[in-house]
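Enquirer: The following comprises the amino acid sequence and a computationally predicted model.
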Number of protein chains: 2
Amino acid sequence: MVQPDSHPPRLGRKRDHTRDPEILTAALEVLAETGFDGMTIDMVAARAKAGKATLYRRWPSKSELVIDAVACMKQNDFERSHLPDTGTLRGDLVAMIKPRTMEEAEKKLQIMAGLMSMLSAAPELADAANNALVRPRAEANLFLMQRAIDRGEISPDCDIATLSIVSPSIAAYRVLIERKPVDRKFLIALIDGVLLPALGLGRGAEVSNAEASNAVPSNAVASPTT
Amino acid sequence: MVQPDSHPPRLGRKRDHTRDPEILTAALEVLAETGFDGMTIDMVAARAKAGKATLYRRWPSKSELVIDAVACMKQNDFERSHLPDTGTLRGDLVAMIKPRTMEEAEKKLQIMAGLMSMLSAAPELADAANNALVRPRAEANLFLMQRAIDRGEISPDCDIATLSIVSPSIAAYRVLIERKPVDRKFLIALIDGVLLPALGLGRGAEVSNAEASNAVPSNAVASPTT
DNA sequence: CCTATACGATACTGTGGAGTTCCGGATCTT
DNA sequence: AAGATCCGGAACTCCACAGTATCGTATAGG
């Protein structure tokens, strides 16, 4: 979908489909606010300052529109180049807790919540959603943990594949079902109470330093408060 | 709701409300299968072999019916007296993985999924749902872990409050969003790859030991297949 | 047996939203 | 400027479902 037409017309205004992004964005917003069933085409049209007819010229149905919108949401996954490198695993994990990132994640989770009622009908959406929500964070975690193994910080026997999904999954559950905020405190509790101990850091080997809490090492990249 | 009437009529058939359980059960079934928005009163009535009017004689609206149905779902939480006691934490945790229990949990999760679209409108449902789904398992885990502390199996410094919600939350996420089955293998991976290492068992203490991977403790009881 | 009540079934009404159609105006091409 | 095409807006149809009303029947008490 949204592929360029094969026979470009040459008269009148070009068939530019130039409003598509606004419409898809509007769809995602309404979806996040009201859920799939509560969402109406008129809402989306109004939000995008477009006519309802315009939407139906591009997408055959509400479902298709939503699917397209979700598909176009992949953007800004974590690039490895953007991942923090603080020298310690804990530093890296903590550095990933940035307000900017979390806010965005929460928005995605709201969209997810709105999609729930569609999941059983359209299982491929489950994949799409998971790809957009948990997978990127899990992969980032996995990368950081693998690096910690490579540098000898943690044992290579650790089940990092399983551990990497722990915090994204729990965070998702917390926002989607419990409807409680996933704040910095909670994520730190996960890191210090679950992940690091399970990796043999913290409680296990207990760097003994105990107060490594504010242990942002020398080459702290991490970005300030972005 | 569903409280006995204060002025019991004395003529004709008694106002027994005797069909309520069937109706509520039917409501839960349809809810699990189609979700709140997809569910129609007629479906519930048909499933319960009741007239639509009968439903409206008891509950003023579809929402009220669903709320009532969910509220009546609390049944069979884990009783401490029913919790396994195998002598080791791992044995206890593994013993909780019973097909019977899991099947029931999955059913509850389906209901949960059906409720998702109502959560933003009725936040009290989030509590109800959480109480019915994750809380009981989390509390069971907490109890088992506390007992492990008491008997000196694990350190009292462990963050068992956080650890106890790990596996129920992840399981819920897996069923609700990923739509993948939560099988025995997956749960064992969580126990051996996350929980026990985080508690200083398995990997933690064995850092040097290296090869305790398949460290099934001596007295593994685990329950047959109940 | 008679009567009052609750029930199941079914027909009905009202409403909200999906999807369609039409039109005037805007914008680009030539 | 003229013509072609797209857009926003609004009016429209159609249908599914919430909720209501009616009726024949089953059952229990008198």
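Expert: Sure, I can see it.
Enquirer: which helix of chain A spans the most residues?
Expert: helix A:123-150 (DSSP state H).
Enquirer: is chain B contacted by that helix?
Expert: Yes. On the criterion C-beta under 8 Å from any C-beta of the partner chain, helix A:123-150 is in touch with chain B at A:123, A:126, A:129-130, A:133-134. (Each C-beta comes from the backbone N, C-alpha and C, glycine too.)
Enquirer: Quick one: buried ones out of the residues you listed?
Expert: When these are checked for burial by 16 or more other C-beta atoms under 10 Å in any protein chain shown, the buried set is A:126, A:129-130, A:133-134.
Enquirer: ok, stretch A:43-60 near chain B or not?
Expert: No. Judged by C-beta under 8 Å from any C-beta, stretch A:43-60 stays clear of chain B, getting no closer than 15.1 Å.
Enquirer: Check what contacts that stretch and list those residues.
Expert: With C-beta atoms under 8 Å, 6 or more residues apart in numbering or on different chains as the test, stretch A:43-60 has contacts from A:1-2, A:17, A:19-20, A:22-23, A:25-27, A:29-30, A:34, A:41-42, A:65, A:68.
Enquirer: Mind giving me the PyMOL select for those residues, buried ones only?
Expert: Under the burial definition 16+ other C-beta under 10 Å, those of these that qualify are selected in PyMOL by:
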select buried, chain A and resi 20+23+25+26+27+29+30+34+41+65+68
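Enquirer: so of the contacts of stretch A:43-60, which ones are in helices?
Expert: With helices taken from DSSP H, the overlap with those comprises A:20, A:22-23, A:25-27, A:29-30, A:34, A:41-42, A:65, A:68.
Enquirer: I'd like those laid out as a markdown table, including pLDDT and distance to DNA strand C.
Expert: Shown next, in a markdown table, are the ones in helices among the contacts of stretch A:43-60 (pLDDT from 0 to 100; distance: C-beta to the nearest atom of the strand, whole Å):
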| residue | pLDDT | distance to DNA strand C |
| --- | --- | --- |
| A:20 | 90 | 16 |
| A:22 | 94 | 15 |
| A:23 | 97 | 14 |
| A:25 | 96 | 18 |
| A:26 | 97 | 14 |
| A:27 | 97 | 11 |
| A:29 | 96 | 15 |
| A:30 | 97 | 10 |
| A:34 | 95 | 9 |
| A:41 | 98 | 4 |
| A:42 | 98 | 6 |
| A:65 | 96 | 8 |
| A:68 | 92 | 13 |
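Enquirer: Between the residues you listed, which sits nearest residue B:91?
Expert: residue A:34 (47.5 Å; C-beta to C-beta).
Enquirer: didn't that closest one look like it was pressed against residue A:117?
Expert: No. Here residue A:34 does not reach residue A:117: they are 11.5 Å apart, not a contact under C-beta atoms under 8 Å.
Enquirer: Can you check the pLDDT for residue A:4?
Expert: Among the per-residue scores, residue A:4 holds a pLDDT of 40.
Enquirer: whoops, residue A:80 was the one
Expert: pLDDT recorded at residue A:80 is 83.
Enquirer: what's the spacing between the residue nearest to it when sequence neighbours are not counted and residue A:91?
Expert: Nearest non-adjacent residue to residue A:80, counting by C-beta to C-beta, 6 or more residues apart in numbering or on different chains: residue A:143, 6.0 Å away. Counting by C-beta to C-beta, to the nearest Å, the gap from residue A:143 to residue A:91 is 14 Å.
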